[in-house]
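S.K.: Provided below for reference: sequence and predicted model.
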Amino acid sequence: MFDDLVTFNLPADEEPIITVIGVGGGGCNAVNRMYSAGIRDVDFLVVNTDSQALAASPVDRKIQLGSTLTEGRGAGNRSDVGEQAAIESINEISEILQRNTKMAFIVAGMGKGTGTGAAPVVARACKELNILTVGVVTLPFTIEGPTRRHQALQGIKRLKDEVDALLIIHNEKLREMYGSLSLGEAFKKADDILLLAVKGIAEIITIHGYINVDFADVQSVMINGGIAFMGSSTARGYDRARQVIDETITSPLLNSNDIRGASRVLLNITSGRDEITVDEVGIITDIITGRTGSSVNVIWGTCTDETLTDEIRITLVATGFSDEAIPDWISLNPPKREVIRLDSKPATAPGQPRAAVTPPPPPPPPPPPPAPPAQSEPVFDEGLTVNMREPLADSIHFSHQESPDPAEEKMKNERLRQFNYHSISNPDLIDEVERVPAYKRKKFPVQQEMFTEQESQSRYTIGPDAKLRANNSYLFDVVD
């Protein structure tokens, strides 16, 4: 009977399809913590120019970059040296990745030499092997200086062109939240955020659930996704669904303060013994679509973790943002400013003919003055009209008076001055002026009038009783 049984040849355990690659000193430190924390079904690879840092790493697979170029001494904070070192060792990296890797995380701290210069080269090799490539990088603290920050932004700009999706973690956010920590503890916090980002995305694929999310779902969300935001949170209690999604989409460490503008969202929900309900799933998805819009493509799945008991945990990845939705500090193409100096002249090479400069067109002539309004004919004849205005004279004549001769005017003024002088200084002349009236001295003709010497008398007098009395009975003051 047993001879009739069918024998199944089950395949042996295959290598994981996800590889986490730490590039440079910062990336290798973060991957070392991921390796110690344990992420299920994930391979690790560290690549660095510093041979001492590689020797201290617990990760099994290691590659020294540019052993001939740097001789194991690091890149010296020069991104061009890190780039050349990665190009020298790229064949070794490709040989490991082409075995079974379908998805690769490029973890690097941007701003120094190896991570900034080598990460884009490693990402390009992954893309050439058709591997879904996700960059997870950190921006340096402000205390590390503006030069390092500028170099980090240049490296991120190059890396963005070589990956499908790019998660950027701003270390300055850690300073705002944990500013009292020691420097070593602060960098460990940054490594923990990188661990959270990589583990959250990787375990969406590796952990099986009731509503499963596989590699194809993750690929459809993250391929050519550009700048990506990720958040993860855990909550318990009566309103745990609303609380967990609010904390996830406002995570300050991962800068997911707003998912508006995302066109694709990957969501994984994990619950413990107190399994999530249908209503709670509806609350979470409704809030996501309310923030992003009804046209967003949301792929979600659920799984169980017995260690959570009555808690629920969600991991959210949002991609496909427009340029307007990306925060200012992430913007990789700031607007160019053109400065034109007024005192500078355009430089031309010797012997090079100057370009003909077309003079500006002359300004248009001023508009003619408005013509006086034409007198229109009255529409209605109202009969007799009276003109109350007086007619003006036909012409106005102005009398023209010739100005006197200057010589004559001068002689006249001199005679007047002499007369005034002699009049004041001669006493006989003063007596004559006071004795003879002016009209006689000037010989002004005066007509003598004869007045009657008869006194006029009124016919009315005032009596003792202060009353008027007509006591003059004569008509002309004489006897009739």
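M.R.: Yep, that arrived.

S.K.: Quick check: buried residues in stretch 27-45?
M.R.: Going by neighbour count (16 or more other Cβ atoms under 10 Å), the buried part of stretch 27-45 is 27-32, 34-35, 39, 42-45. All C-beta atoms are positioned from the backbone trio N, CA, C, and that covers glycine.

S.K.: Need the mean per-residue confidence for the biggest helix by length in the chain.
M.R.: In the chain, assigned by DSSP state H, the helix with the most residues is helix 183-206. For helix 183-206, the mean pLDDT works out to 82.

S.K.: Same check on stretch 411-428?
M.R.: Mean pLDDT, stretch 411-428: 64.

S.K.: can you check stretch 294-308 too?
M.R.: 85.

S.K.: Just the CA atoms of the helix or strand containing residue 314, as PDB, please.
M.R.: Applying DSSP states H and E as the criterion places residue 314 in strand 312-319. Output of strand 312-319 as PDB, limited to C-alpha atoms (Å, rounded to 0.1, in the frame of the first residue of the first chain):
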ATOM      1  CA  ILE A 312      -1.900  46.800  16.800                       C
ATOM      2  CA  ARG A 313       1.100  47.900  14.800                       C
ATOM      3  CA  ILE A 314       1.000  49.400  11.300                       C
ATOM      4  CA  THR A 315       3.800  50.100   8.800                       C
ATOM      5  CA  LEU A 316       3.100  52.500   6.000                       C
ATOM      6  CA  VAL A 317       5.200  53.400   3.000                       C
ATOM      7  CA  ALA A 318       4.000  56.200   0.700                       C
ATOM      8  CA  THR A 319       5.600  56.900  -2.700                       C
END
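
S.K.: Adjacent strands (with direction) for that strand?
M.R.: Here strand 312-319 has these sheet partners by DSSP bridges: strand 226-235 (antiparallel), strand 264-271 (antiparallel).

S.K.: what angle separates that strand from helix 183-206?
M.R.: Going by axes from the mean of the first three to the mean of the last three Cα atoms, to 10 degrees, strand 312-319 is angled at 90 degrees with respect to helix 183-206.

S.K.: pLDDT on strand 312-319, on average?
M.R.: For strand 312-319, the per-residue pLDDT averages 89.

S.K.: same deal with stretch 73-92?
M.R.: The pLDDT scores in stretch 73-92 average 90.

S.K.: what's that stretch in contact with?
M.R.: Where contact means Cβ atoms under 8 Å, 6 or more residues apart in numbering, the residues beyond stretch 73-92 that reach it are 23-25, 47, 49-51, 63-70, 93, 112-118, 120-122, 125, 148, 151, 154-155.

S.K.: mind putting the strands paired with strand 312-319 in TSV, distance to residue 416, mean neighbour count and mean pLDDT included?
M.R.: TSV is the format used below for the strands paired with strand 312-319 (distance: least, Cβ to Cβ, whole Å; neighbours: other Cβ atoms under 10 Å; pLDDT from 0 to 100):
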stretch	distance to residue 416	mean neighbour count	mean pLDDT
strand 226-235	103	22	87
strand 264-271	111	24	89
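
S.K.: I'd like these as CSV, with distance to residue 211 appended.
M.R.: CSV is the format used below for the strands paired with strand 312-319 (distance: least, Cβ to Cβ, whole Å):
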stretch, distance to residue 211
strand 226-235, 18
strand 264-271, 9
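
S.K.: next helix or strand past the longest helix of the chain?
M.R.: Moving toward the C-terminus from helix 183-206, the next element (DSSP H and E) is helix 215-222.

S.K.: Show me which positions of that next one end up buried.
M.R.: By 16+ other Cβ under 10 Å, the buried positions in helix 215-222 come out as 217-218, 221-222.

S.K.: Taking those residues together, which two end up most distant?
M.R.: Spanning the widest gap among these are 217 and 222, at 9.7 Å by Cβ to Cβ.

S.K.: For those two, list the residues in contact with both.
M.R.: Taking Cβ under 8 Å, 6+ apart as the criterion, residue 217 and residue 222 both touch residue 266.

S.K.: mind listing the strands for this structure?
M.R.: Counting by DSSP state E, the chain has strands at residues 18-23, 43-48, 62-64, 103-109, 132-139, 165-170, 226-235, 264-271, 297-304, 312-319, 461-462, 468-469.

S.K.: want to try a markdown table for these, with distance to residue 248 as columns?
M.R.: Shown next, in a markdown table, are these (distance: least, Cβ to Cβ, whole Å):
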| stretch | distance to residue 248 |
| --- | --- |
| strand 18-23 | 22 |
| strand 43-48 | 27 |
| strand 62-64 | 35 |
| strand 103-109 | 20 |
| strand 132-139 | 18 |
| strand 165-170 | 15 |
| strand 226-235 | 4 |
| strand 264-271 | 9 |
| strand 297-304 | 13 |
| strand 312-319 | 5 |
| strand 461-462 | 124 |
| strand 468-469 | 123 |
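
S.K.: Excluding chain neighbours, give the residue nearest to residue 160 in space.
M.R.: Excluding its sequence neighbours, the residue lying closest to residue 160 (Cβ to Cβ, 6 or more residues apart in numbering) is residue 166, at 5.2 Å.

S.K.: okay, now that neighbour: neighbour count?
M.R.: 24 (other Cβ atoms under 10 Å).

S.K.: so how far is residue 192 from the residue lying closest to residue 186 once chain neighbours are set aside?
M.R.: Nearest non-adjacent residue to residue 186, counting by Cβ to Cβ, 6+ apart: residue 174, 5.8 Å away. Distance from residue 174 to residue 192, counting by Cβ to Cβ, to the nearest Å: 10 Å.

S.K.: ok, these two, which is more surrounded?
M.R.: Ranked by neighbour count (other Cβ under 10 Å), residue 174 and residue 192 place residue 174 first, with 23 against 16.

S.K.: quick one: pLDDT of that one?
M.R.: 77.
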